[in-house]
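Undergrad: just the structure for this:
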Amino acid sequence: MAADPKPGAGAAAYPTGPALLRDPLLNKGTAFTDAERDALGVRGLLPPAVITQDQQVARVLDNLRRQPTDLDKFISLNALRDRNETLFFRVVIDHPDEIMPLIYTPTVGLACQRFAQIFQRPRGMWVSAADRGHIAAVLRNWPARNVQIIVVTDGERILGLGDLGANGMGIPVGKLSLYTACAGIDPATTLPLMLDVGTNNAAFLQDPLYVGLKQPRLRGAEYDALVEEFMRAAQEVFPGVVIQFEDFASLNAFRLLHTWRERLCCFNDDIQGTASVALAGLYSAMRITRGKLAEQRLLFLGAGEAATGICDLVVAAMAGEGLPEAEARKRCWLVDSRGLVVKSRADLSEHKRRYAHQHNEVPDFLSAVKALKPTAIIGVAAVGKTFTREVLEEMARLNEHPIVFALSNPTSQAECTAQEAYLWTAGRALFACGSPFDPVTVEGRTLVPRQGNNSYIFPGVGLGLVASRARRATDEMFLAAARALAELVTPQDLEQGSLYPALARVREASARIAAAVAEVAFARGLASVPRPGDTLAFVRAKMYEPSYRSYV
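TA: Numbering: from 1, shown residues only. This is a model prediction of the structure:
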């Protein structure tokens, strides 16, 4: 990947011949004009026909739709990106409903599980425990210096699939693809990064094709020292870079966020992004029920980083409506593998204790629904089929419009399907999902479920942080992001049961979220650039558009 010349540079500023065709950031394939082919030394290296980008998109889609499985489509799209990044993003942006599930959830889960088998070309960087003491030097091997966002994982909690070790690299790559497709972050300024500290996945340790370190995971002081060195090195090599923690296990995720959030610009999407998108869905649901957020009682299936992250942001939002924080906390309840999280339990980690309330022990989720009578159930435990018919029928008995968020992914881990949620509540559920589901017709009414997917939130948050060059990412920014997203849901969306805007509007959503985040940065003195006269126009001007440049 060559350094990208400034816009308007003449042909002499670019590589020529095969080197140009092998650079995915610069290659246009058969779209090079005759004049460009002469100026750049590629005449004869391409078929003679000049094909437009629109024609190339049509060809890509035709070939893609002939692939037999979603994993084959994932591999085909990766190969396209390795050849022609501009065309890849044109395809994604023009066809988000079809392509985004292929490059991220749910397909990326299977791609990570089979990462070693389908590996073709390295993308991003691997920093391993073996690099301790010279991580900055490793990072300097990256060919670009204007890196603005790093998505980093250690692969221990990939989606709902557990410890995938270095195979989890598919997640940072996929996340950063969405940063570009959804929010216009220039792909040349993004860096996917795997922090390989080993794996406790026995199958991978025995797999001769496994691409990571074949050793048990680092823990304790050694792990923290490696992360500390990486975080410092990233700021040294890429000053002001935004760092997104992704798919770290709970035992590390909360601690790392607490350690670093006041020291540099970073956030954890599983904790804060999930919270923001869930809160946006609750705001939309309130427009249908005519209720107030502060009046809701939320019951979570799951008690990890997603559940407590949502609780924390909902509590902040309820407090903003005038409810005392202590009372707001009592409206959020958790169920983990041992039952209802209550004060009397002695096995609770710190993040669970904030939401451990006085109550008798309750052994299972259905019993908790009956005992607590929630207005909303939110699944984030990555245990499939746990919103059973009995659970959903009980929610429908308790509520005119039960709020049902089955947010776990991939699809195999979804707490229920859209069809189950709607049919078992007589079409009255206000449903959001983590993986895509088709529309469902109940009693003559077609309901259109939409994903409560973090892709609605984190790309816009990242764009706002980058545009304002924010020194910190705060909870207030994620509150602002949730409100901005909810405001984009139209009456027509709500009429068909959709709690989020259509995915085709995700770039508009990202721009508005970015503006809201940047406004918080400017208002709180966290921005490193002057406040513009029009913040929305300011962030839109920074959004990458995958159109071919002219070289002559």
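
Undergrad: could you give the mean pLDDT of stretch 317-325?
TA: Computed over stretch 317-325, the mean pLDDT rounds to 95.

Undergrad: start to end distance for that stretch?
TA: Stretch 317-325 has its terminal residues 10 Å apart, counting by C-alpha to C-alpha, to the nearest Å.

Undergrad: now that stretch: buried residues?
TA: Neighbour-count burial for stretch 317-325 flags Ala317, Met318, Ala319, Leu323 (criterion: 16 or more other C-beta atoms under 10 Å). (Each C-beta comes from the backbone N, C-alpha and C, glycine too.)

Undergrad: now do the last one against Arg297, distance only.
TA: The span separating Leu323 from Arg297 equals 12 Å under the rule C-beta to C-beta, to the nearest Å.

Undergrad: quick check: neighbours shared by the two?
TA: Arg331 (C-beta atoms under 8 Å, 6 or more residues apart in numbering).

Undergrad: for the stretch 51-200 of the chain, which spans come out with low pLDDT?
TA: Scanning the stretch 51-200 of the chain for pLDDT under 70 picks out nothing.

Undergrad: quick one: the strands in it?
TA: 125-128, 149-153, 190-196 (DSSP state E, counting those that start in this stretch).

Undergrad: just send these back as CSV, with distance to Gly44 too.
TA: Shown next, in CSV, are the strands of the stretch 51-200 of the chain (distance: least, C-beta to C-beta, whole Å):
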stretch, distance to Gly44
strand 125-128, 36
strand 149-153, 39
strand 190-196, 34
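
Undergrad: hey, which of those strands is tucked in deepest?
TA: Ranked by mean neighbour count, the strands of the stretch 51-200 of the chain are led by strand 149-153 with a mean of 26 (mean count of other C-beta atoms under 10 Å).

Undergrad: pull the helix or strand with minimum mean pLDDT from this protein.
TA: Ranked by mean pLDDT, DSSP states H and E, the weakest helix or strand in the chain is helix 350-353, scoring a mean of 88.

Undergrad: re the thing from before, which among the strands of the stretch 51-200 of the chain is found nearest to Pro216?
TA: Closest approach to Pro216 among the strands of the stretch 51-200 of the chain (C-beta to C-beta): strand 190-196, 12.5 Å.

Undergrad: how about residues contacting the closest one?
TA: By C-beta under 8 Å, 6+ apart, strand 190-196 touches 123-129, 142, 144, 147-155, 165-166, 168-169, 172-173, 175-176, 179-180, 212-213, 226-227, 230, 238, 241.

Undergrad: helix or strand next in line after it, which one?
TA: Sequence-wise, the next helix or strand downstream of strand 190-196 (DSSP states H and E) is helix 202-206.

Undergrad: against which helices or strands is that following helix packed?
TA: Judged by 3 or more C-beta pairs under 8 Å, 6 or more residues apart in numbering; DSSP states H and E, helix 202-206 has no packing partners among the helices and strands.

Undergrad: what's the first helix or strand after that helix?
TA: helix 220-237.

Undergrad: mind listing what's buried along that following helix?
TA: In helix 220-237, counting by 16+ other C-beta under 10 Å, buried: Tyr223, Leu226, Val227, Glu229, Phe230, Met231, Ala233, Ala234, Gln235, Val237.

Undergrad: next one: stretch 260-279
TA: For stretch 260-279, a neighbour-count test (16+ other C-beta under 10 Å) marks 260-261, 264-279 as buried.

Undergrad: first-to-last residue distance for that stretch?
TA: Across stretch 260-279, the terminal residues are separated by 24 Å (C-alpha to C-alpha).

Undergrad: what of stretch 79-89?
TA: 13 Å.

Undergrad: how about stretch 204-222?
TA: With C-alpha to C-alpha, one end of stretch 204-222 sits 22 Å from the other.

Undergrad: who touches it?
TA: Counting by C-beta under 8 Å, 6+ apart, 115-117, 119, 126, 128-130, 154-156, 163-167, 194, 196-200, 223, 226 sit against stretch 204-222.

Undergrad: again, only using 6 Å
TA: With contacts defined as C-beta atoms under 6 Å, 6 or more residues apart in numbering, stretch 204-222 is touched by Ala116, Ser128, Ala129, Gly165, Ala166, Asp196, Val197, Gly198, Asn200.

Undergrad: of those residues, which is the most crowded?
TA: Gly165 (29 neighbours; other C-beta atoms under 10 Å).

Undergrad: and the next element down the chain from the least confident helix or strand of the chain?
TA: helix 365-372.

Undergrad: tell me the strands beside the helix or strand just after that next one, with direction?
TA: Next in sequence after helix 365-372, counting helices and strands by DSSP H and E, comes strand 376-379. Its sheet considered, strand 376-379 pairs with strand 298-301 (parallel), strand 403-406 (parallel) by DSSP bridges.

Undergrad: what's the very next helix or strand once past the first one packed up against?
TA: Following the chain from strand 298-301 toward its C-terminal end, the next helix or strand by DSSP H and E is helix 305-320. With contacts taken as 3 or more C-beta pairs under 6 Å, 6 or more residues apart in numbering; DSSP states H and E, helix 305-320 sits against helix 274-289, helix 325-329.

Undergrad: element containing Glu262?
TA: Per DSSP H and E, there is no helix or strand for Glu262.

Undergrad: quick one, phi psi at it?
TA: Main-chain torsions, Glu262, degrees, to the nearest 10: phi -100, psi 0.

Undergrad: how about the nearest residue to it, chain neighbours excluded?
TA: Closest residue to Glu262 apart from its sequence neighbours, by C-beta to C-beta, 6 or more residues apart in numbering: Arg472 at 6.8 Å.

Undergrad: A helix includes the one you found, no?
TA: No. Remark: Arg472 does not belong to a helix; assigned using DSSP: H, G, I helix; E, B strand; the rest coil, it is coil.

Undergrad: how close does it get to Phe387?
TA: 37 Å.

Undergrad: repeat that for Ala317.
TA: In this view, Ala317 and Phe387 are 24 Å apart by C-beta to C-beta.

Undergrad: quick one on the thing from earlier: between the helices and strands packed on helix 305-320, which gets nearest to Ala527?
TA: The stretch from the helices and strands packed on helix 305-320 with the least distance to Ala527 (C-beta to C-beta) is helix 274-289; that distance is 19.8 Å.

Undergrad: tell me where the stretch 1-150 of the chain has helices.
TA: For the stretch 1-150 of the chain, the helices defined by DSSP state H, counting those that start in this stretch occupy 17-21, 34-39, 53-65, 70-83, 85-94, 96-103, 107-113, 115-118, 135-139.

Undergrad: can I get those in TSV with distance to Pro449?
TA: Below are the helices of the stretch 1-150 of the chain laid out as TSV (distance: least, C-beta to C-beta, whole Å):
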stretch	distance to Pro449
helix 17-21	43
helix 34-39	46
helix 53-65	23
helix 70-83	19
helix 85-94	22
helix 96-103	13
helix 107-113	18
helix 115-118	29
helix 135-139	41
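
Undergrad: out of these, nearest to Tyr544?
TA: Going by C-beta to C-beta, the one of those nearest Tyr544 is helix 85-94, 7.8 Å.

Undergrad: buried residues in that closest one?
TA: With burial defined by 16+ other C-beta under 10 Å, the residues of helix 85-94 counted as buried are Glu85, Thr86, Leu87, Phe88, Phe89, Arg90, Val91, Val92, Ile93.

Undergrad: nearest to Gly452, of the residues you listed?
TA: Using C-beta to C-beta, those come closest to Gly452 at Val92, 20.4 Å.

Undergrad: that closest one and Ile99 touch, don't they?
TA: Yes. The pair Val92 / Ile99 is scored as a contact, 4.8 Å apart, by C-beta atoms under 6 Å.

Undergrad: looking at Arg472 and Phe387, which is more packed in?
TA: Phe387 (27 against 16).

Undergrad: who touches stretch 59-69?
TA: Taking C-beta under 6 Å, 6+ apart as the rule, stretch 59-69 contacts Lys73, Ser76, Val91.

Undergrad: need the contact list for the first one.
TA: Taking C-beta under 6 Å, 6+ apart as the criterion, Lys73 is in contact with Leu64, Gln67, Leu102.

Undergrad: write the PyMOL selection for whichever of the residues you listed are buried.
TA: With 16+ other C-beta under 10 Å as the criterion, this PyMOL line picks the buried residues out of these:
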select buried, resi 64+102
